[in-house]
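Chemist: here is a sequence together with a model predicted from it:
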Amino acid sequence: MFNKSIRSKNLLVTGGAGFIGSHVIRRLVNKYPEYHIYNLDALTYAGNLENLIDIEGKENYTFLRGSITDEDYVSTIFKEYRFEGVIHLAAESHVDRSITDPLAFAKTNILGTMLLLNAFRALWKDNWKGKRFYHISTDEVYGSLGKTGFFEETTPYDPNSPYSASKASSDHFVRAYGETYNIPYVISNCSNNYGANQFPEKLIPLFINNIIHNRPLPVYGDGNYTRDWLYVIDHAIAIDLVFHKGINKETYNIGGFNEWKNIDLVKLLCQHMDEKLGREKGGSEQLITYVKDRPGHDLRYAIDASKINRDLGWSPTVTFEEGLSKTIDWYLANEDWLNNVTSGAYQQYYELQYQ
């Protein structure tokens, strides 16, 4: 177990300017004033410091701009700041992009993770008391489920996309470093996250943005692919718990107990958007456009989160209806944020992917 009793810890969060990372950074900075939280982010297309405006002036927070694939930089900051804990979120994470550019995913997700592990090992050698490397992964490493069953922590890995293969590999390297070099680690695998500050390439913010502008809603295949959805703030709470109370060398699956077929989720989203925008009922559903399916598309993901519920007392705090409503409200109140992140480069990618 991570030794929280040792104060004045320097904690590194990678990818802290991204969607999930920004919510984790905010929680840690506000909840643990005795810690100093360092946010390492390369500020690629999905990293946005606007996500952290509310805490950027806090005394126990420092932003470090750099890439986890820059070996010299990673080594330098570990030596300078002597991180006693690492929460590793930085990753290329969009399946569609991994199909277009798989090598970028191998470089960031595999090599980047190894460079962090190497720097952590070189810093502390065998002095592991009170230290922890926490690797955040995805349910996609398990592959695809049929109509029944759930992913458990013991489910064999069976990745089907370059993204999930790169994350599966990084999971294996974390475990291997734990066994070979005794690095204390924990791993968690989560389901699809949703909430405020998510870059609009993922389904929910993409479709919110498209509905606002009366653009087509591109649904892959027949829309019957099923996903489990997890509110990002609930995920941040779970990450806090796993980091501080999880058992070394254990894996925890974090899910929302909340399965939806893509087409049913899109229709629900359309209903909420019509109500909130004062549009005619059913109007937004007219924007639904079925597009060619992507290669290697997994049929269904569903997580059994009973272990983290039983061992750490975690469970989701909001229902999906409540979380989705809050999410829509945030994007409608932050259209300037949406406009800022949907750059010309993103539009080029969007057109390549969906048209």
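Modeler: Received it, and whenever you're ready, just let me know what you need.
Chemist: now do the same contact list for K131.
Modeler: E84, G85, F120, W124, P184 (CB atoms under 8 Å, 6 or more residues apart in numbering). (C-beta placed from N, C-alpha, C; glycine too.)
Chemist: now S188
Modeler: For S188, the contact set (CB under 8 Å, 6+ apart) comprises Y134, H135, I136, S137, A238, I239, V242, T251, Y252, N253, I254, I308.
Chemist: between the contacts of K131, which is nearest N30?
Modeler: Set against N30, the nearest of the contacts of K131 by CB to CB is G85 (17.0 Å).
Chemist: any regions of the stretch 201-350 of the chain where pLDDT drops low?
Modeler: Residues of the stretch 201-350 of the chain meeting the criterion pLDDT under 70: 343-350.
Chemist: can the contacts of S188 go into TSV with extra columns for distance to K276 and secondary structure?
Modeler: Below are the contacts of S188 laid out as TSV (distance: CB to CB, whole Å; DSSP: H, G, I helix; E, B strand; the rest coil):
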residue	distance to K276	secondary structure
Y134	37	strand
H135	37	strand
I136	32	strand
S137	34	strand
A238	29	helix
I239	30	helix
V242	34	helix
T251	39	strand
Y252	35	strand
N253	33	strand
I254	29	strand
I308	33	helix
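Chemist: tell me the buried residues within those.
Modeler: By neighbour count, with 16 or more other CB atoms under 10 Å, those hold Y134, H135, I136, S137, A238, I239, V242, T251, Y252, N253, I254, I308 as buried.
Chemist: quick one on the thing from earlier: out of the contacts of K131, name the ones that lie in helices.
Modeler: Of the positions in the contacts of K131, F120, W124 sit in helices, assigned by DSSP state H.
Chemist: list only buried entries from the contacts of K131.
Modeler: For the contacts of K131, buried by 16+ other CB under 10 Å: E84, G85, F120, W124, P184.
Chemist: so which residues of this structure form strands?
Modeler: For the chain, the strands defined by DSSP state E cover 10-14, 36-41, 61-65, 85-88, 132-138, 185-190, 192-194, 217-220, 226-231, 251-254, 259-261, 288-291.
Chemist: mind putting those strands into CSV with distance to E152?
Modeler: Below are the strands of the chain laid out as CSV (distance: least, CB to CB, whole Å):
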stretch, distance to E152
strand 10-14, 27
strand 36-41, 32
strand 61-65, 36
strand 85-88, 23
strand 132-138, 14
strand 185-190, 10
strand 192-194, 18
strand 217-220, 27
strand 226-231, 13
strand 251-254, 7
strand 259-261, 16
strand 288-291, 33
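Chemist: looking at those, which is closest to L116?
Modeler: strand 85-88 (6.0 Å).
Chemist: that closest one pairs with which strands?
Modeler: strand 10-14 (parallel), strand 132-138 (parallel) (DSSP bridges).
Chemist: any chance of the ones you listed in TSV, with distance to H36 and mean pLDDT too?
Modeler: TSV is the format used below for those (distance: least, CB to CB, whole Å; pLDDT from 0 to 100):
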stretch	distance to H36	mean pLDDT
strand 10-14	5	98
strand 132-138	16	97
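Chemist: about what we covered before: would you mind giving the contacts of S188 as a markdown table with distance to I328 added?
Modeler: Formatted as a markdown table, these follow (distance: CB to CB, whole Å):
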| residue | distance to I328 |
| --- | --- |
| Y134 | 31 |
| H135 | 31 |
| I136 | 26 |
| S137 | 28 |
| A238 | 23 |
| I239 | 24 |
| V242 | 29 |
| T251 | 33 |
| Y252 | 29 |
| N253 | 27 |
| I254 | 23 |
| I308 | 28 |
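Chemist: quick check, nearest of those to I68?
Modeler: Among the contacts of S188, H135 lies closest to I68 (CB to CB), at 12.0 Å.
Chemist: which residues does that closest one form a beta bridge with?
Modeler: According to DSSP bridges, beta-bridge pairing links H135 with H88, I187.
Chemist: measure it to M114 for me?
Modeler: Using CB to CB, to the nearest Å, H135 is found at 11 Å from M114.
Chemist: got any residues that touch both of these two?
Modeler: Common contacts of H135 and M114, defined by CB under 8 Å, 6+ apart, comprise S170.
Chemist: so who does A90 touch?
Modeler: Applying CB under 8 Å, 6+ apart, we find A90 in contact with T14, G15, G18, G21, L40, D41, A42, I68, T108, G112.
Chemist: sort out for me which of these are in helices.
Modeler: Reading helices off the contacts of A90 with DSSP H, I get G21, G112.
Chemist: quick one: the contacts of A90 as JSON lines, columns for distance to E335 and neighbour count too.
Modeler: Compiled in JSON lines, these are given as follows (distance: CB to CB, whole Å; neighbours: other CB atoms under 10 Å):
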{"residue": "T14", "distance to E335": "29", "neighbour count": "27"}
{"residue": "G15", "distance to E335": "25", "neighbour count": "28"}
{"residue": "G18", "distance to E335": "20", "neighbour count": "27"}
{"residue": "G21", "distance to E335": "23", "neighbour count": "29"}
{"residue": "L40", "distance to E335": "29", "neighbour count": "28"}
{"residue": "D41", "distance to E335": "24", "neighbour count": "28"}
{"residue": "A42", "distance to E335": "26", "neighbour count": "20"}
{"residue": "I68", "distance to E335": "32", "neighbour count": "25"}
{"residue": "T108", "distance to E335": "30", "neighbour count": "22"}
{"residue": "G112", "distance to E335": "33", "neighbour count": "26"}
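Chemist: hey, where'd the helices end up in this protein?
Modeler: 19-31, 71-81, 95-100, 102-105, 112-124, 162-181, 203-212, 232-245, 262-277, 306-312, 320-333, 335-341, 344-354.
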